[in-house]
Every structure is written in structure tokens, then in C-alpha cells.
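I'll drop the sequence and a predicted model, then ask my questions.
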Amino acid sequence: MFEYVIFFFFAAVAVIFALVVITNRNPVVSALALVVSFFALAVMYVLLDAPFLAALQVIVYAGAIMVLFLFVIMLLNLQHKHEPMTHPIQQFLGYATSAAFVIGLVYYLAKYAAYTVPASPFYTDARLIGVALFESYIRPVARANGIHKKIGWHTFRHSFGTLLKANGEDVKTVQELLRHANSRITLDVYTQAVNSNKRAAQSK
């Protein structure tokens with residue numbers, strides 16, 4: 001019961017600050033209200049047992065994108081200026097478009113929204129999401145391109161090290177980027193093939 005109270009409290013916070021975003025005329029206040037709305041959504045994701053989505057919400061949206069928004073707003077140095085009165089036709093088009101959007105959204109939710117729990121499992125762990133991406137997308141694409149070798153997380157480290165060495169990076173740099181204990185591991189394991197002919201022969 002307590003979790004439901006917290007969930008709907010932050011849901012109300014998200015909706016209220018989202019309304020502040022579209023109703024306030026100060027762009028800085030609108031951007032900060034959007035940050036608060038994003039944080040409220042992150043809390044809701046945590047309560048829904050989706051910590052990975054909550055971390056993405058905070059890091060990507062509230063962190064990176066909103067910092068960029070605030071930077072652009074402050075860089076433009078927007079001042080409060082008197083805005084000319086809008087024409088009645090502009091107001092009519094604005095209200096009509098908003099009403100059409102709301103009606104379309106309600107119609108879509110009423111007709112196509114899922115009211116039952118999906119049969120497939122709901123992945124909330126970062127590792128399970130990565131495995132699902134591998135199984136559903138990366139490995140089928142590799143097989144379609146004629147790559148039948150086993151592909152795992154280590155494959156990307158091999159490719160990364162090989163491409164760095166092929167592009168002329170020194171062994172010490174590659175070792176530090178791959179966090180190897182010594183350069184012998186880098187030379188013996190990750191940079192066996194440093195040109196296209198050798199890579200083609202190695203992949204057979």
C-alpha cells in the first residue's frame with residue numbers, strides 16, 4: 001500500500017511539472033520543471049522494478065539532454081520581451097490541433113493499449129537486456145552476413161584491439177584502453193591480425 005502511495009505521488013509530480021513546462025513562459029523555469037518531471041519518472045521506474053530504465057532516465061535525459069537544453073537557453077540569453085497578440089485564426093488552429101491530438105491519443109489507448117500482462121518476460125536487469133539484444137539482433141545479423149563463429153562480449157574486445165592496431169596505434173595505448181595487465185596479452189590475444197588479408201584468413 002505504501003509503494004502505491006509513493007508511486008501515485010510521483011506520478012502526480014511528473015504530470016504537474018510537465019504542465020508547468022508547457023504553461024510557463026520562462027524557458028529556464030520550463031527546462032528545470034522538465035528535469036523534475038524526469039526525476040519523478042525515474043522514481044516510478046524504480047518502483048516498477050526497472051532500475052536500468054531509471055538509470056537511463058537520469059543519466060541520458062535528466063543529465064545529458066537537459067544540461068544541453070539549459071546550456072543553449074543560457075547561451076541564447078533569452079530576455080522577457082513583449083509578445084504581439086496572436087490572430088484569432090492562430091489561436092483556433094492551436095486549440096484545434098491540441099484537441100485533435102488528445103482525441104487521437106485517447107482513441108489509440110482505448111483501441112490498441114495492452115490491458116493484459118505480456119507472455120514474454122519483462123527484462124529489467126542490464127545483463128538480461130544485453131543478452132536479449134545479442135540473441136534477437138546481433139547474432140542473426142552476423143549469421144545473415146555469413147559469420148558463423150560464436151559471437152560474445154569478448155568479440156568486441158578482439159575487434160576493437162585489432163582495429164586500433166591496424167590504424168597505427170601503439171601497443172601500449174591498446175593495452176591501456178583494454179585494461180590488460182601486460183602488453184604480452186595484448187599482442188598474443190587481441191592483435192593477431194593487423195590487416196584485412198590476415199583478418200579474412202583468421203575468420204575462416
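That came in fine, so what should we check first? In this text the structure is predicted, and so the values were computed from the model without any measurement.

how near is I22 to L68?
Distance, I22 to L68, using Cβ to Cβ, to the nearest Å: 19 Å. In short, each C-beta sits where N, CA and C put it, glycine included.

please disregard the earlier target; I meant A99.
A99 is 32 Å from L68, by Cβ to Cβ.

try S98
27 Å.

for the helix or strand where Y108 lies, what is the average pLDDT?
Y108 belongs to helix 88-112 when assigned by DSSP states H and E. Mean pLDDT, computed over helix 88-112, is 87.

with adjacent residues omitted, what lies nearest to L53?
Once flanking residues are discounted, L53 sits nearest to Y45: 4.5 Å by Cβ to Cβ, 6 or more residues apart in numbering.

what's that neighbour in contact with, if anything?
By Cβ atoms under 8 Å, 6 or more residues apart in numbering, the contact list for Y45 reads P51, L53, A54, Q57.

10 Å instead?
For Y45, the contact set (Cβ atoms under 10 Å, 6 or more residues apart in numbering) comprises P51, F52, L53, A54, A55, L56, Q57, V58, T124.

one more: A64?
Contacts of A64 (Cβ under 10 Å, 6+ apart): V58.

neighbours around S183, how many?
S183 has 15 neighbouring residues, counting by other Cβ atoms under 10 Å.

what separation is there between it and G63?
Distance from S183 to G63, by Cβ to Cβ: 36 Å.

and for H148?
40 Å.

of these two, which one has the most company?
A count of neighbours by other Cβ under 10 Å puts G63 above the other of H148 and G63, at 15 against 9.

quick one: low-confidence parts of the protein?
Applying pLDDT under 70 to the chain flags residues 77-84, 113-124, 152-154, 156-158, 185-204.

could you pull out the helices for it?
2-23, 27-47, 51-56, 66-76, 88-112, 126-133, 139-144, 153-166, 171-178, 183-185, 196-202 (DSSP state H).

just those helices: most buried one?
Compared across the helices of the chain, helix 27-47 shows the largest average neighbour count, a mean of 19 (mean count of other Cβ atoms under 10 Å).

how close does I129 get to P51?
I129 is 11 Å from P51, by Cβ to Cβ.

got it, and G146?
G146 is 38 Å from P51, by Cβ to Cβ.

measure the most far-flung residue of the chain relative to its centre to F10 for me?
Within the chain, the residue lying farthest from the chain centre (Cα atoms, centre = their mean) is P88, at 40.1 Å. According to Cβ to Cβ, P88 stands 40 Å off from F10.

repeat that for R143.
44 Å.

how about E135?
Taking Cβ to Cβ, one finds E135 at 34 Å from F10.

repeat for V141
39 Å.

how close does V141 sit to E135?
12 Å.

same question, N145
17 Å.

so who does S30 touch?
So, once contact is read as Cβ under 10 Å, 6+ apart, S30 ends up touching F17, V20, V21, I22, T23, N24, F69, I73.
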